[in-house]
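# no sequence on hand, only this structure:
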Ligand code: NOJ
């Protein structure tokens with residue numbers, strides 16, 4: 001690895017921060033977050049150390065799915081600001097060295113999008129074929145219904161034109177038909193438009209639905225993804241697609257573009273995420289170890305995007321029923337905390353009962369896992385959810401800037417602020433900035449160390465035998481430099497012995513807290529761990545003084 005590559009292939013060890021403009025910061029006092037507010041907070045984000053912002057949808061919308069139902073792909077939701085505000089925001093973000101990507105939601109539109117209004121106006125409408133129609137609703141597979149609390153079918157009858165239209169998600173979100181070349185061209189234009197305004201890429205919503213549920217079926221559905229990537233690369237080298245592809249590893253690997261890596265640049269590791277939660281529930285490393293051992297290697301220059309929580313429910317759909325129930329029992333036993341029978345509408349710290357040691361360990365694990373970490377706004381200060389909000393909105397609460405909330409000067413913020421132990425008086429940015437033991441400071445340290453240890457994202461990883469079921473240990477090697485990370489998922493102090501091949505007599509410098517350890521002549525090290533303890537250790541050869549960040553540059 002050459003260190004210069006880490007700028008060319010910047011996404012491989014980026015730190016991605018997902019936020020919703022609507023709930024981040026209100027700049028004009030109307031209770032709704034906006035681009036002006038967000039722009040004021042860019043120095044905060046740069047100071048946190050994140051390198052890439054992912055903006056949730058900010059386009060005009062009737063807001064029946066929090067903006068994932070779009071009526072115009074080429075402008076800004078007027079509640080959030082103007083195109084002018086957007087450009088000012090982009091300029092400021094770039095000035096502070098931050099890249100920006102945005103949600104690309106083109107599997108469907110809102111049913112109020114002018115394209116759909118036109119398409120449904122009659123069977124001979126020139127836009128008819130932009131959506132997917134059928135004379136009879138094809139039989140539904142209940143397993144395919146994404147929102148089983150609201151929908152029983154993916155087909156909806158359209159009175160006016162007497163046919164059924166496909167909607168993989170809510171009935172107000174008709175699926176666009178990428179089987180039609182005009183639709184594919186239009187999607188490409190959307191990418192081009194926002195790239196011209198400075199975006200470095202897109203988080204692609206619902207990728208498998210986008211390429212599969214079309215009419216006629218595409219001879220090679222993946223060709224469309226490759227075409228999009230090629231277009232982006234022609235326009236601006238180094239622009240990326242970050243894909244929401246929640247399918248088993250075997251299928252998933254094809255979304256990167258078999259061998260070539262010319263389709264989705266980074267895919268979220270939904271399987272690893274779910275197995276990590278099972279591990280956290282059991283206090284046992286085994287499920288996570290298994291996932292990492294089974295996980296395929298992405299093609300060169302592609303990457304896994306790692307996360308523990310996001311803006312949706314914590315989906316547990318790839319666990320067995322028994323495993324899912326185990327996670328429910330540990331982290332969301334009450335019905336109201338569960339959703340769709342398969343997930344939890346909670347943020348991480350509440351699931352851990354506010355146990356800061358455990359929260360810190362979980363994020364240390366996230367940042368050390370091989371891949372690019374993606375965090376959801378407010379995770380860095382340990383915000384909780386508000387179960388009083390509807391469905392998945394429970395976790396999309398306003399950002400907590402100060403003891404009085406600080407999100408808006410308006411009496412009525414767009415969404416209700418949590419009360420109790422996770423209310424802004426207890427959990428906010430301003431207080432945590434003044435507290436060196438805070439979660440915010442911990443995040444800053446993790447991000448700094450993650451960026452200084454490109455081995456973690458770029459290197460070859462090996463899961464180590466830790467000899468204790470509660471301990472997850474792995475090492476990442478790149479160009480003769482090594483980082484070892486060890487996590488105690490259990491709540492008792494313990495000591496493990498690690499065998500570190502090729503590191504006999506090396507010194508291990510702890511990158512998170514003080515201390516060094518010596519690897520024995522036989523290549524073994526005894527390592528004490530606190531309850532929920534975590535350690536990142538950089539190995540240095542005996543003849544070289546330990547350095548905190550010593551990856552070699554060739
Ligand atoms: C996935 C998004 O993450 C989710 O929030 C949304 O409801 C669906 N796609 C539909 O766009």
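All right, it came through fine. The shown structure was predicted, so the numbers you read here are calculated from the model rather than taken from an experiment.
# ok, for the residue in the stretch 101-250 of the chain that the ligand sits nearest to, nearest residue in space, not its chain neighbours?
Of all residues in the stretch 101-250 of the chain, the one sitting closest to the ligand is residue 169 (4.3 Å; CB to the nearest ligand atom). Bear in mind the C-beta positions are built from the backbone N, C-alpha and C, glycine included. Distances taken as CB to CB, 6 or more residues apart in numbering place residue 146 nearest to residue 169, at 5.4 Å, with adjacent residues excluded.
# check what pLDDT that neighbour gets.
Looking at residue 146, its pLDDT reads 94.
# correct me, but it touches residue 171?
No - taking CB atoms under 8 Å as the definition, residue 146 is not a contact partner of residue 171, at 11.7 Å.
# what's around the residue of the stretch 101-250 of the chain closest to the ligand, how many residues?
23 (other CB atoms under 10 Å).
# now do the one 5 residues further on
When neighbours are defined as other CB under 10 Å, residue 174 has 29 of them.
# list the contacts of it.
Residue 174 sits next to 108-109, 111, 116, 119, 131-132, 156, 165-167 when contact means CB atoms under 8 Å, 6 or more residues apart in numbering.
# and the residue nearest to residue 264 when sequence neighbours are not counted, how far from residue 51?
Distances taken as CB to CB, 6+ apart place residue 243 nearest to residue 264, at 3.8 Å, with adjacent residues excluded. Going from residue 243 to residue 51 by CB to CB, to the nearest Å gives 19 Å.
# kindly report the same for residue 131.
Counting by CB to CB, the gap from residue 131 to residue 51 is 38 Å.
# what about these two, which has more around it?
Taking other CB under 10 Å, residue 131 and residue 51 do not tie; residue 131 has more neighbours (27 against 19).
# phi first, then psi, for the more buried one.
phi -120, psi 180 (degrees, to the nearest 10).
# what of the one 4 residues further on?
Torsion angles at residue 135 (phi, psi; degrees, to the nearest 10) stand at phi -70, psi -30.
# on that earlier part again, show the buried residues in the contacts of residue 174.
108-109, 111, 116, 119, 131-132, 156, 165-167 (16 or more other CB atoms under 10 Å).
# for the chain, give me the ranges with low pLDDT.
1-2, 545-554 (pLDDT under 70).
# which parts of it sit against the ligand?
By CB under 6 Å from any ligand atom, the part of the chain that sits against the ligand consists of 65, 68, 105, 169, 205-206, 244, 312.
# dig out what the residue nearest to residue 264 forms beta bridges with.
residue 204, residue 267 (DSSP bridges).
# hang on, it packs against residue 270?
No - judged on CB under 8 Å, residue 243 makes no contact with residue 270 at a distance of 10.6 Å.
# need the helices for the stretch 451-554 of the chain, in chain order.
Using DSSP state H, counting those that start in this stretch, the helices of the stretch 451-554 of the chain run over 454-458.
# next, count neighbours for the residue of it found nearest the ligand.
Proximity of the stretch 451-554 of the chain to the ligand (CB to the nearest ligand atom) peaks at residue 457, 23.9 Å away. Neighbour count for residue 457, taken as other CB under 10 Å: 28.
# now do the same contact list for it.
With CB under 8 Å, 6+ apart, residue 457 has these contacts: 12-13, 303, 370-372, 450.
# name the element residue 450 belongs to?
helix 439-452 (DSSP states H and E).
# equivalent analysis for residue 202, please.
Per DSSP H and E: strand 201-204 holds residue 202.
# so which elements touch that strand?
Judged by 3 or more CB pairs under 8 Å, 6 or more residues apart in numbering; DSSP states H and E, the packing partners of strand 201-204 are strand 99-104, strand 240-243.
# could you single out the most deeply buried of these?
Mean neighbour count (mean count of other CB atoms under 10 Å) peaks for strand 240-243 among the helices and strands packed on strand 201-204, with a mean of 26.
# list of residues touching the next helix or strand after it?
Reading on from strand 240-243 to the C-terminus, the next helix or strand found by DSSP H and E is helix 249-252. By CB under 8 Å, 6+ apart, the residues outside helix 249-252 that reach it are 245, 267, 271, 294-296.
# from the stretch 251-400 of the chain, which residue is nearest to the ligand?
residue 312 (4.8 Å).
# count of residues packed around that residue?
Every residue meeting other CB under 10 Å relative to residue 312 is counted, giving 17.
# that one contacts residue 393, correct?
No - with contact defined as CB under 8 Å, residue 312 does not count as touching residue 393 (10.6 Å).
# returning to what we had before: got the buried ones among the contacts of residue 174 as TSV, with secondary structure columns?
Below are the buried ones among the contacts of residue 174 laid out as TSV (DSSP: H, G, I helix; E, B strand; the rest coil):
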residue	secondary structure
108	strand
109	coil
111	coil
116	helix
119	helix
131	strand
132	coil
156	strand
165	strand
166	strand
167	coil
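# distance of residue 55 from the ligand?
Note on residue 55: its distance to the ligand, by CB to the nearest ligand atom, to the nearest Å, is 13 Å.
# nearest the geometric middle of the protein, what residue?
residue 374 (4.2 Å; CA atoms, centre = their mean).
# am I right that that one falls within a strand?
Yes - per three-state DSSP, residue 374 lies within a strand segment.
# tell me who's in contact with it.
Residue 374 touches 16-18, 54, 242, 268, 305-307, 310, counting by CB under 8 Å, 6+ apart.
# again, but for residue 144
Here residue 144 is in contact with residue 154 (criterion: CB under 8 Å, 6+ apart).
# mind listing what's buried along stretch 6-24?
6, 9-24.
# give me the number of residues near the closest residue to the ligand within the chain?
Using CB to the nearest ligand atom, the closest approach of the chain to the ligand is made by residue 68 at 3.5 Å. As a burial measure, residue 68 scores 22 neighbours (other CB under 10 Å).
# surely it touches residue 58?
No - assessed by CB under 8 Å, residue 68 is found out of contact with residue 58, at 11.3 Å.
# ok, back up a step: need the contacts of residue 457 in JSON lines (columns: distance to residue 516 and secondary structure).
Listed next are the contacts of residue 457 as JSON lines, based on distance: CB to CB, whole Å; DSSP: H, G, I helix; E, B strand; the rest coil:
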{"residue": "12", "distance to residue 516": "29", "secondary structure": "helix"}
{"residue": "13", "distance to residue 516": "25", "secondary structure": "helix"}
{"residue": "303", "distance to residue 516": "31", "secondary structure": "strand"}
{"residue": "370", "distance to residue 516": "24", "secondary structure": "coil"}
{"residue": "371", "distance to residue 516": "28", "secondary structure": "coil"}
{"residue": "372", "distance to residue 516": "29", "secondary structure": "strand"}
{"residue": "450", "distance to residue 516": "21", "secondary structure": "helix"}
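# as JSON lines, those residues with distance to residue 464 would be great.
What follows is the contacts of residue 457, written out as JSON lines (distance: CB to CB, whole Å):
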{"residue": "12", "distance to residue 464": "23"}
{"residue": "13", "distance to residue 464": "21"}
{"residue": "303", "distance to residue 464": "22"}
{"residue": "370", "distance to residue 464": "13"}
{"residue": "371", "distance to residue 464": "18"}
{"residue": "372", "distance to residue 464": "22"}
{"residue": "450", "distance to residue 464": "19"}
